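>>> here is a sequence together with a model predicted from it:
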There are 2 protein chains.
Amino acid sequence: MNKQLLLENIRGVLMRLEETIIFALMERAQFCVNAPVYEPGRFGAATGGESLLGYLLRETEQIHARMRRYTSPDEHPFFPAVLPEPILPALRFDESPLSGPAINHNQLLRKLYETEIIPCLCRPGDDAQYGSCAVTDVACLQVLSRRIHYGMFVAESKFRETPESFRETIRAGDTAELLRLITHPEIEERVLKRVELKARTYGRDFDGRAGQDRIQADAVVEIYRRWVMPLTKEIEVEYLLRHPR
Amino acid sequence: MNKQLLLENIRGVLMRLEETIIFALMERAQFCVNAPVYEPGRFGAATGGESLLGYLLRETEQIHARMRRYTSPDEHPFFPAVLPEPILPALRFDESPLSGPAINHNQLLRKLYETEIIPCLCRPGDDAQYGSCAVTDVACLQVLSRRIHYGMFVAESKFRETPESFRETIRAGDTAELLRLITHPEIEERVLKRVELKARTYGRDFDGRAGQDRIQADAVVEIYRRWVMPLTKEIEVEYLLRHPR
């Protein structure tokens, strides 16, 4: 089997991503909610009708596309319609390990991020640090996108391990049963425990600073439980439903 | 005194930056040295004669300038000559707390980063992940630049605390004596101990992964000792030498 699809390797990538996700969230949590960052058109014509975050995200993707970011099978743009060609020569990837459909749930991720994850993570209010704040938002969205779309690799891998257990359910289009098949509560609990441990460790106060704006490890765990893991599984299910079997 | 100049506040900022610096370095350390990333012109005309890193850094600064990043007194661009105007309305900063000269040591920082810090931090060799690698380089350089240029705030603050102790030395242009005046070995040792503790904590293996590419806490401490702290002090001294007294 393609080594990108070994469940063990996939879990290794997801574990390493936890650290990047937690730290990105901690950086964002230094700022308030800052609602104006997410208001479309708030900063006039220069952002092309987008919010400040949308503008920064689109411009960042333009540059990263030139660095061939979106030629990698595990990267998914938020603005796929307007990407320039890479200036780097193409990397030779192995034949795509995914035999199912390409799925891009970034619109949904962005909406949930702006309306639910940010209020869960950040102090309410406005500190006027819109630029710095949006820079940390881009880092959060990029790594969260990478994490949830890994669901395609997870699903392909699970399918190939025991195709027989999936075929009938896929044929019947039974979403609820597919969700049950791919869900392993004991693994999910282990992930949440580990995320909590990491978040508590990184959020530890080394400096004896009182009133420091530290992320609550609880918020990070909550974000994993309520959005990161469900979105990943949603992508797994959708991927399997449209899998060629 | 302007609250940006209270040594206590400055130390708080520098402590929080430690975490961002350590994590940025850890992210970079996932990749090999990747020499082609730093070779001017290596990727042809599209990079305008720059290295891949130079190209990504310049393009990133273009976007961040539009988000008014470089209107903040603690941000310093690597490509100051080509920055566009901000699209965000100007923030009203308090009157600049710095009465000395503006110093920009980013050229030197970039050179030391590429030729000394990267080989100290990363495994030798080439993993072809140039784009991802350069993205982490930009994060490292931006936060290292912010850290070392904080030396201006540190110097201004030390000067205002005891101006008499500096005036004569500044008048005499005595660089060595200025360096001695601003150096507090016991504080430096405390910073290094804390950086080591943080680096060991963040680099901890939570997952029982063998062969994981973890940064050595030692490399981070070394980077602080050999480059971060000396560059900060170099900026302090240069700032004081040209201080209006």
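Nice, I can see it.
>>> nearest residue to the residue nearest the centre of chain A other than its sequence neighbours?
In chain A, the residue lying closest to the centroid (Cα atoms, centre = their mean) is A:Leu144, at 1.9 Å. Leaving aside its sequence neighbours, A:Leu144 sits nearest to A:Leu109 (Cβ to Cβ, 6 or more residues apart in numbering or on different chains; 6.1 Å). All C-beta atoms are positioned from the backbone trio N, CA, C, and that covers glycine.
>>> ditto for A:Asp127
Closest to A:Asp127 by Cβ to Cβ, 6+ apart is A:Cys32, at 4.5 Å.
>>> how many neighbours does the residue nearest to A:Leu144 have?
Counted by other Cβ atoms under 10 Å in any protein chain shown, the residues lying close to A:Leu109 total 23.
>>> so what's it up against?
By Cβ atoms under 8 Å, 6 or more residues apart in numbering or on different chains, the residues touching A:Leu109 are A:141, A:144-145, A:148, A:231.
>>> check which helix or strand covers it.
Assigned by DSSP states H and E, A:Leu109 belongs to helix A:106-112.
>>> please state the offset of the top helix by length along chain A from the chain centre?
In chain A, with assignment by DSSP state H, the single longest helix is helix A:7-28. Chain-centre distance of helix A:7-28: 10 Å, with Cα atoms, centre = their mean, to the nearest Å.
>>> so does the next helix or strand after it get close to chain B?
In the C-terminal direction, the helix or strand that comes right after helix A:7-28 (DSSP H and E) is helix A:52-66. Yes. Against chain B, helix A:52-66 shows contacts by Cβ under 8 Å from any Cβ of the partner chain at A:52, A:55-56, A:59-60, A:63-64, A:66.
>>> what sits up against stretch A:237-245?
Stretch A:237-245 is contacted from outside by A:98-101, A:103, A:151-152, A:155-156, A:159, A:163, A:166-167, A:170-171, A:173, A:175, A:178-179, A:182, using Cβ under 8 Å, 6+ apart.
>>> drop anything exposed from those.
Among these, those buried by neighbour count (16 or more other Cβ atoms under 10 Å in any protein chain shown) are A:98, A:100, A:103, A:151-152, A:155-156, A:159, A:166, A:170, A:178-179, A:182.
>>> can you get me a residue count around the residue nearest to A:Phe78 when sequence neighbours are not counted?
Closest residue to A:Phe78 apart from its sequence neighbours, by Cβ to Cβ, 6+ apart: A:Asn106 at 4.5 Å. Using other Cβ under 10 Å, A:Asn106 has 21 other residues around it.
>>> isn't A:Asn106 right up against A:Glu61?
No. At 10.3 Å, A:Asn106 does not count as touching A:Glu61 under the criterion of Cβ atoms under 8 Å.
>>> which residues do these two both contact?
Here A:Asn106 and A:Glu61 have A:77-78 as joint contacts, going by Cβ under 8 Å, 6+ apart.
>>> so, in contact with chain B or not, the longest helix of chain A?
Yes. Helix A:7-28 is in contact with chain B by Cβ under 8 Å from any Cβ, via A:12, A:15-16, A:19-20, A:23, A:26-27.
>>> with stretch A:170-188 instead?
No. Stretch A:170-188 stays clear of chain B (Cβ under 8 Å from any Cβ), getting no nearer than 13.2 Å.
>>> do me a favour and get the end-to-end distance for that stretch?
23 Å (Cα to Cα, to the nearest Å).
>>> okay, now A:Ser219: neighbour count?
Residue A:219: Ala, not Ser. 18.
>>> and it, what element?
Going by DSSP H and E, A:Ala219 is in helix A:217-223.
>>> buried residues in that helix?
Under the neighbour-count criterion of 16+ other Cβ under 10 Å, helix A:217-223 has A:217, A:219-223 buried.
>>> which residues of chain A score low on pLDDT?
Counting by pLDDT under 70, chain A has low-confidence residues at A:1-2, A:93-94, A:206-215.
>>> distance of A:Gly131 relative to B:Ser72?
Distance from A:Gly131 to B:Ser72, counting by Cβ to Cβ, to the nearest Å: 8 Å.
>>> who has more neighbours out of those two?
Legend: neighbour count by other Cβ under 10 Å for A:Gly131 and B:Ser72, higher for A:Gly131 (25 against 14).
>>> any idea of the angle the host helix or strand of the more buried one forms with helix A:7-28?
Following DSSP H and E, one finds A:Gly131 within helix A:130-149. Put simply, helix A:130-149 runs at 160 degrees to helix A:7-28, going by axes from the mean of the first three to the mean of the last three Cα atoms, to 10 degrees.
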